[in-house]
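Asks: no sequence for this one, just the structure:
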């Protein structure tokens, strides 16, 4: 990531995905890139911010116009495969939180 | 970070803080540690998850019992100093989003 997502004025939602990786890649990086690109093409997608540090701890926040858009993305067939492989191979643990963005503000560029 | 925050069953809130650092430390690391410790001692604090990568992009999500707890933390005198120094010294840009956590689930440990 090298830029922050804009904050729309209209009501919208955030999905906070926090995770701890297992060791090794085993196809993770390629699938993570594919999922970012696929998410960007979903109806109702507003933006995504993602960071992982060298220890394997990561936070990805994606922003969506509606809860329906979030449900559709969760049920996307390729995304469902990624979720299954995530549990089998890539993540030691993770948490998903669906949130309504109540307000926000930005500083800088 | 080396563990994920638990998700309480009761209604609660998340503050998503995404940021791009300026170059150099200039007291940042020390203040960041102090703010994490201070936040943990605030009434209504539920947890925090924080990651920054080598490029300077970071996401910190803190969890709170109520919007009042978030307001009190925002107005904390030492935190207000940190916010001012953040704008003057440490951050090229940032975004703050206050969210209501609608639901969540976890996998793994």
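Replies: Nice, thanks for sending it over. Remember, it's a predicted structure, so these values are computed and weren't measured experimentally.

Asks: starting at the chain centroid, how far to stretch A:42-49?
Replies: Centroid separation for stretch A:42-49 versus its chain: 9 Å, with CA atoms, centre = their mean, to the nearest Å.

Asks: Just the buried residues of that stretch, please?
Replies: Buried residues in stretch A:42-49, defined by neighbour count with 16 or more other CB atoms under 10 Å in any protein chain shown: A:44-49. Bear in mind the C-beta positions are built from the backbone N, C-alpha and C, glycine included.

Asks: same question for stretch A:8-27, mean pLDDT?
Replies: Summarised as a single mean, pLDDT over stretch A:8-27 is 95.

Asks: what's the span of it, first residue to last?
Replies: Chord length of stretch A:8-27, first to last residue, is 34 Å (CA to CA, to the nearest Å).

Asks: list the buried ones in it?
Replies: Across stretch A:8-27, burial judged by 16+ other CB under 10 Å covers A:12-22.

Asks: Could you report the neighbour count for residue A:95?
Replies: Residue A:95 has 20 neighbouring residues, counting by other CB atoms under 10 Å in any protein chain shown.

Asks: Is it part of a helix or strand, or is it coil?
Replies: strand (DSSP: H, G, I helix; E, B strand; the rest coil).

Asks: same question, residue A:106
Replies: The three-state label for residue A:106, taken from three-state DSSP, comes out as strand.

Asks: what residues are up against it?
Replies: Under the criterion of CB atoms under 8 Å, 6 or more residues apart in numbering or on different chains, the neighbours of residue A:106 are A:4, A:6-7, B:93-96.

Asks: can you list those in a markdown table and add distance to residue A:79?
Replies: As requested, the contacts of residue A:106 are arranged in a markdown table below (distance: CB to CB, whole Å):
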| residue | distance to residue A:79 |
| --- | --- |
| A:4 | 24 |
| A:6 | 24 |
| A:7 | 25 |
| B:93 | 30 |
| B:94 | 29 |
| B:95 | 25 |
| B:96 | 28 |
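
Asks: which of those count as buried?
Replies: Neighbour-count burial within the contacts of residue A:106 applies to A:4, A:7, B:93-96; the criterion is 16+ other CB under 10 Å.
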